[in-house]
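Visitor: Okay, structure incoming, though there's no sequence with it:
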Ligand code: SF4
Ligand code: SF4
């Protein structure tokens with residue numbers, strides 16, 4: 001894999017985030033609640049940027065799994081906005097049409113963002129239904145019988161009033177939709 005030595009200056013210039021200030025202490029990754037699902041922890045993505053390993057940084061599932069909770073940004077002793085970097089890398093991966101190695105993660109991200117654009121907030125039942133369809137898991141769940149366990153869980157949530165069947169739109173929905181364009 002050929003390193004791209006323009007990658008670090010480009011990232012810093014376009015995002016306004018000083019990734020080169022990272023000294024790899026790993027405080028960001030140690031606080032991140034979703035590293036268990038990532039292929040590389042956040043500090044390693046920053047290392048890829050330092051080394052010009054653009055394909056690894058943009059092709060990683062990490063950038064799509066990031067929940068933008070900003071724990072990493074808050075913990076960084078060098079005040080690097082790691083959550084902002086993840087967001088920048090997502091935009092760049094889309095712009096460069098990078099093939100996503102973990103396409104299910106990307107499909108979930110798309111469904112999630114579409115639901116936000118439609119209603120201005122998350123509609124859990126809608127996300128669940130659409131994700132099952134676009135991911136193809138609808139059929140595999142029917143085949144292996146796991147749909148029954150999921151249905152039981154959904155019924156429990158329904159009984160507790162935690163899974164509304166109708167979306168509730170927010171007042172500033174169009175404003176949110178335009179932000180996402
Ligand atoms: S917390 Fe900041 S300095 Fe430490 S590894 Fe993460 S980005 Fe780098
Ligand atoms: S913003 Fe993303 S990378 Fe940072 S702690 Fe939250 S989930 Fe992890």
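Guide: That came through fine. Fair warning: this is a prediction, and the values are worked out from it, not measured in the lab. Residues are numbered from 1 along each chain as shown. Ligands and ions are numbered 1, 2, ... in the order given.
Visitor: Return the distance of the closest residue to residue 22 other than its chain neighbours relative to ligand 1.
Guide: Counting by C-beta to C-beta, 6 or more residues apart in numbering, residue 46 is the residue found nearest to residue 22 once chain neighbours are left out, at 4.7 Å. C-beta: built from backbone N, CA, C; applies to glycine. For residue 46, the distance to ligand 1 equals 5 Å [C-beta to the nearest ligand atom, to the nearest Å].
Visitor: So the closest residue to residue 3 other than its chain neighbours versus ligand 1, what's the distance?
Guide: Spatial nearest neighbour of residue 3, excluding adjacent residues (C-beta to C-beta, 6+ apart): residue 52 at 3.5 Å. Noted for residue 52: a distance of 17 Å to ligand 1, by C-beta to the nearest ligand atom.
Visitor: Buried residues of the lengthiest helix in the chain, list them for me.
Guide: Longest helix of the chain, by residue count under DSSP state H: helix 103-119. For helix 103-119, burial by neighbour count (16 or more other C-beta atoms under 10 Å) applies to 105-109, 111, 115-116, 119.
Visitor: Report all helices and strands that it contacts.
Guide: Identification of packing neighbours for helix 103-119 by 3 or more C-beta pairs under 8 Å, 6 or more residues apart in numbering; DSSP states H and E yields helix 62-65, helix 124-135, helix 173-179.
Visitor: got a list of contacts for it?
Guide: Applying C-beta atoms under 8 Å, 6 or more residues apart in numbering, the contact partners of helix 103-119 are 61, 64-65, 90, 100, 122-123, 126-127, 130-131, 134-135, 167-170, 173, 176-177, 180.
Visitor: which non-adjacent residue is nearest the residue nearest to the spatial centre of the chain?
Guide: The centroid of the chain falls nearest to residue 64 when counting by C-alpha atoms, centre = their mean (3.0 Å). Leaving aside its sequence neighbours, residue 64 sits nearest to residue 105 (C-beta to C-beta, 6+ apart; 4.4 Å).
Visitor: Surely residue 1 and residue 54 touch.
Guide: No - counting by C-beta atoms under 8 Å, residue 1 does not reach residue 54; the two are 9.1 Å apart.
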